[in-house]
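1. just the structure for this:
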Amino acid sequence: MIELTSLETVEGSSADHDVVLFALSTCPHCRHAREYLDKSGVSYRYVYVDLLDGDEQKAVLLASERYNPNHTFPTLVIDDDNVIIGFKESEYQEKLS
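-> Numbering: from 1, shown residues only. Okay, here's the model as predicted:
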C-alpha cells in the first residue's frame, strides 16, 4: 500500500481495490482518468505532482518512480502491483472490475 501524506482521498461506492493515481493538474489524460474513476464509483487516492514543492514533490516522485521510472502521467497503481501508464479506459475497466 502506498503511504504518502500528499495523497487526497476520493470516496466511492466501491473500495474493492487500493487505487492510487499519480497525475498532473494540467494534463487532459489525467483529467480523463479521474473522471473515469469518479464515474465508476471507485474509491481512490490521488496526487497532482506538479502542485507539490520541494521535498514533498521529491518524495512523491521517488514513490512513483517504483511504478513508472519514466515519470509519465497519469500513472494508475492498483493494489500495489498492477500499473497502467496513460489513460486506457479498457485497461482501467478490466483491472478494476
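2. look up which residues are beta-bridged to the spatially most central residue of the chain.
-> In the chain, the C-alpha nearest the mean C-alpha coordinate belongs to Leu21, at 0.5 Å (Cα atoms, centre = their mean). Beta-bridge partners for Leu21, by DSSP bridges, are Tyr46, Leu76.
3. which ones are touching it?
-> Residues in contact with Leu21 (Cβ atoms under 8 Å, 6 or more residues apart in numbering) are Cys30, Ala33, Arg34, Leu37, Tyr44, Arg45, Tyr46, Val47, Pro74, Thr75, Leu76, Val77. Glycine gets a C-beta too; all of them are placed from N, C-alpha and C.
4. ok, for Cys27, nearest residue in space, not its chain neighbours?
-> Spatial nearest neighbour of Cys27, excluding adjacent residues (Cβ to Cβ, 6 or more residues apart in numbering): Phe73 at 5.3 Å.
5. hang on, the one you found packs against Val49?
-> Yes - between Phe73 and Val49 there is a contact at 7.2 Å, judged by Cβ atoms under 8 Å.
6. now do the phi/psi pair for the residue of the chain positioned farthest from its centre.
-> Ranking residues of the chain by C-alpha distance from their mean position (Cα atoms, centre = their mean) puts Gly54 at the top, at 20.2 Å. Here is the backbone geometry of Gly54 (degrees, to the nearest 10): phi 50, psi -130.
7. show me where this structure has strands.
-> In the chain, the segments counted as strands under DSSP state E are 8-10, 19-23, 44-48, 75-78, 82-85.
8. turn those strands into JSON lines, including mean pLDDT and distance to Asn68.
-> Converted to JSON lines, those look like this (pLDDT from 0 to 100; distance: least, Cβ to Cβ, whole Å):
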{"stretch": "strand 8-10", "mean pLDDT": "97", "distance to Asn68": "19"}
{"stretch": "strand 19-23", "mean pLDDT": "98", "distance to Asn68": "7"}
{"stretch": "strand 44-48", "mean pLDDT": "98", "distance to Asn68": "13"}
{"stretch": "strand 75-78", "mean pLDDT": "98", "distance to Asn68": "4"}
{"stretch": "strand 82-85", "mean pLDDT": "97", "distance to Asn68": "5"}
